[in-house]
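[1] coordinates only, no sequence provided:
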């Protein structure tokens, strides 16, 4: 399977996450979650929880727009979550990512406390793992956009890794031991070492 086919297969899994008819608005969902009530309906549009006292998200949550949980005490992305836009979990307390999560946009996890990624995580665009506690990436990981593993302890990229854009490995041990995965032979590897910026092409 070539790169384009791999990315197309991933996107086909999440192209049904569209504007939700009959769901509640992001503002309504925000108030319910702040009040500690269970969110039963899907969310139409963006859901902004940035800076709130919300501590958890319900399983099977569907948000047609983007989800912002920065600066909250939320520690887990729940099982079966579907998001039609981006997920912003930068600088947060995320330490666990559930099963069968589909994100049509990008997932931003900079400085999150996660130590591993699930095998069935589906991303539609970029994956930002900068500053996380990861030491490895799961097999069969596909990122249609860019992948950042800056400031992590990742020492090796999986042989079956698929990335549509560039991979940023600045300040990671992977620079010292790097072997180009076979499935990203045309991808650009970005990173800084003793000689400055380096680009690795096939």
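    On my side now, so go ahead. For clarity, every value in this text was computed on a predicted model and none was experimentally measured.
[2] what residue ranges in the protein score low on pLDDT?
    1-22, 175-181, 183-188, 192-202 (pLDDT under 70).
[3] from the centroid of it, which residue is nearest?
    The chain has residue 107 as the residue nearest its centroid, 2.9 Å off, counting by CA atoms, centre = their mean.
[4] right, and that residue touches residue 87 too?
    Yes - counting by CB atoms under 8 Å, residue 87 is a contact partner of residue 107 at 4.9 Å. To be clear about C-beta, it is placed using only N, CA and C from the backbone, and glycine gets the same treatment.
[5] rewinding a little: quick one: the residue nearest to the centre of the chain from residue 90, how far?
    As judged by CB to CB, to the nearest Å, residue 107 and residue 90 stand 10 Å apart.
[6] what sits in contact with each of these two?
    Shared contacts of residue 107 and residue 90 (CB atoms under 8 Å, 6 or more residues apart in numbering): residue 128.
[7] what about stretch 77-84, distance to the chain center?
    11 Å (CA atoms, centre = their mean, to the nearest Å).
[8] what's the end-to-end length of that stretch?
    By CA to CA, to the nearest Å, the extent of stretch 77-84 from end to end equals 15 Å.
[9] and that stretch, what's buried?
    77, 78, 81, 82, 83, 84 (16 or more other CB atoms under 10 Å).
[10] neighbouring contacts of that stretch?
    Contacts for stretch 77-84 (CB under 8 Å, 6+ apart): 14, 17-19, 56-67, 87, 89, 94, 96-105.
[11] ok, now with 7 Å
    With contacts defined as CB atoms under 7 Å, 6 or more residues apart in numbering, stretch 77-84 is touched by 17-18, 57-65, 67, 94, 97-104.
[12] just stretch 89-105 next, same as before
    13-14, 17, 66, 69-87, 108-114, 117-118, 120-125.
[13] and that stretch, how far out from the chain's middle?
    6 Å.
[14] same deal with stretch 107-121?
    On CA atoms, centre = their mean, the centre of stretch 107-121 falls 6 Å from the chain's centre.
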